[in-house]
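# using only what follows, build the 3D model:
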Amino acid sequence: MSSSSFRALKNSNYRAYFVGQLASNIGTWTQSLVQGWLVYRISDSAAWLGLISFASQMTAFSLSPLAGVMADTWPRRRALFWIEAAGILQASALAAATYFGFLRLDLLLVLSIFLGAIQAFQLPFRHAMALDMVGKADLPSAIALNSLIVNGSRILGPALAVVLLGPLGEAGCFMFNATSTIGILIGLTLIKLPAKAPPELRDTRRGIFAQFLDTHTYIKQSPGIPLLLFIAIFFSFVGFPFTVVYPVIAKITLGGGIHTLVWLTSSSGFGAILGALAMATKVPRKGPGKQRETESALFKNLILLGLALAIISASKVLWLTVPATFLLGFSMMGSFPRINNAIQQRTPDALRGRVLSLYNMTFLGAMPLGSLATGWLVDRFGVSLIARGAAATCIALGVTLIYLYSKRPLAVEAPYG
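Numbers count the residues shown, from 1 in each chain. As a prediction, this is how the structure comes out:
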């Protein structure tokens with residue numbers, strides 16, 4: 001693996017952020033796996049898995065415009081500190097409700113909505129602050145390392161959940177998540193950023209809606225961004241929901257238990273890590289060729305996602321499903337960081353939070369709708385049939401886009417302003 005993937009770690013601010021965020025995300029994924037298994041154990045329904053995911057992500061989607069404007073107008077480090085602190089309250093409430101025996105699906109739904117509100121503000125602040133810490137030259141490294149944090153936690157968190165579940169129970173796992181969030185609070189306290197900010201970042205005289213609409217003007221002048229947003233929507237609507245129904249695949253398709261679920265989640269996370277790092281080690285081209293290179297990689301990942309889903313649809317054994325979930329993670333996280341980097345490299349600082357919140361809205365809107373639809377369809381038709389249809393759609397779209405865009409002249413973007 002090229003050392004260019006880890007360049008951002010030379011920055012002391014980013015090192016503090018990286019360590020704290022890693023600790024916090026391990027707790028997050030520990031809670032996520034235990035919560036998913038708890039929901040399916042209580043409800044015995046894939047539809048409830050989809051509904052819980054829908055509630056959290058649709059809340060995040062709805063609040064993203066406000067969060068984006070705030071990321072451009074509020075001090076990012078200080079605001080992110082209090083946003084992360086709110087996560088401690090959510091995890092602690094979930095732990096208390098589980099420990100004292102009054103947790104019901106409707107209460108879990110409310111806590112998921114609270115979590116979605118927290119995530120709405122976390123995403124644009126985290127993404128925008130990456131550039132504040134490392135600058136544009138090391139941004140691909142920072143984005144890849146952020147994916148390493150998220151997906152390394154997807155491996156470590158579930159594995160730790162299995163270890164902790166026996167002695168601590170479900171409530172103990174949720175409390176572990178609350179405690180782990182202290183790591184990112186310490187990291188944010190250690191970060192020292194310049195106090196200065198461009199004047200346009202402090203313009204609060206205009207309404208939130210008017211400020212958010214500035215992104216529409218910018219995107220009209222940036223012909224490459226709508227395609228990036230479309231692909232983010234597609235991956236989120238078609239690919240991500242199959243990670244939500246991993247408990248169904250583990251229990252019904254493979255006839256396993258929580259250990260089987262850990263295998264699926266961890267292999268998907270490992271694939272995601274390699275996909276993100278593969279993006280960071282690519283030496284970017286300059287000029288229009290860079291745009292074509294990004295598009296080509298995304299189209300190929302669509303086909304790869306289709307192949308992964310085709311294997312999932314046919315497999316009844318763990319040894320074949322695990323490589324498929326690896327490919328699923330590799331294709332998606334080889335794409336999202338690439339899209340994030342391409343958007344940030346093209347976006348002026350004054351609009352960064354708002355444009356990133358629009359990017360967040362694309363997958364935060366598509367993920368819950370896809371999860372809800374996939375959960376409902378899987379309950380009625382089974383995983384195999386739905387995965388087969390999704391696989392065919394991914395492969396057809398990838399091949400079509402490769403054909404169409406290979407014949408299209410390179411677009412030249414107009415400057416903003």
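# so where do the helices sit in the stretch 201-350 of the chain?
208-220, 224-234, 241-244, 246-248, 258-281, 288-314, 318-333, 336-346 (DSSP state H, counting those that start in this stretch).
# send me the third one as PDB with only the CA atoms.
The C-alpha coordinates for helix 241-244 follow below in PDB (Å, rounded to 0.1, in the frame of the first residue of the first chain):
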ATOM      1  CA  PRO A 241     -30.000  -1.600   1.800                       C
ATOM      2  CA  PHE A 242     -28.500  -5.100   1.400                       C
ATOM      3  CA  THR A 243     -26.200  -4.300   4.400                       C
ATOM      4  CA  VAL A 244     -29.400  -3.600   6.400                       C
END
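# run the chain-centre distance for it.
12 Å (C-alpha atoms, centre = their mean, to the nearest Å).
# one more: the longest one?
The chain centroid and the centroid of helix 288-314 are separated by 17 Å under C-alpha atoms, centre = their mean.
# point out where the stretch 201-350 of the chain drops to low pLDDT.
For the stretch 201-350 of the chain, the stretches flagged by pLDDT under 70 are 201-216, 223, 279-290.
# one more time with 50, if that's ok
201-202, 283 (pLDDT under 50).
# now do the longest helix that the chain contains: which elements does it pack against?
In the chain, assigned by DSSP state H, the helix with the most residues is helix 139-180. Helices and strands touching helix 139-180, by 3 or more C-beta pairs under 8 Å, 6 or more residues apart in numbering; DSSP states H and E, are helix 12-43, helix 76-99, helix 105-134, helix 258-281, helix 318-333, helix 336-346. Glycine gets a C-beta too; all of them are placed from N, C-alpha and C.
# quick one: the last one to helix 224-234, angle?
What that stands for is helix 336-346. Interaxial angle of helix 336-346 relative to helix 224-234 (axes from the mean of the first three to the mean of the last three C-alpha atoms, to 10 degrees): 160 degrees.
# beyond helix 336-346, next helix or strand please.
Later in the chain than helix 336-346, the nearest helix or strand by DSSP states H and E is helix 352-381.
# which positions in that following helix come out as buried?
352-379 (16 or more other C-beta atoms under 10 Å).
# so how far is residue 267 from residue 183?
26 Å (C-beta to C-beta, to the nearest Å).
# more neighbours: those two, which one.
Using other C-beta atoms under 10 Å, the more surrounded residue of residue 183 and residue 267 is residue 267, with 23 against 19.
# next, the contact list for that one, please.
322-323, 325-326, 329 (C-beta atoms under 8 Å, 6 or more residues apart in numbering).
# between the residues you listed, identify the one with the most neighbours.
Highest count within the contacts of residue 267 by other C-beta under 10 Å belongs to residue 329, 30 neighbours.
# show me the contacts for residue 316.
253-254.
# swap that for residue 136, sorry
344-345.
# how far away is it from residue 394?
32 Å.
# and of the contacts of residue 267, the nearest to residue 85?
Checking those against residue 85 by C-beta to C-beta gives residue 329 as the nearest, at 29.9 Å.
# fine by me, thanks again.
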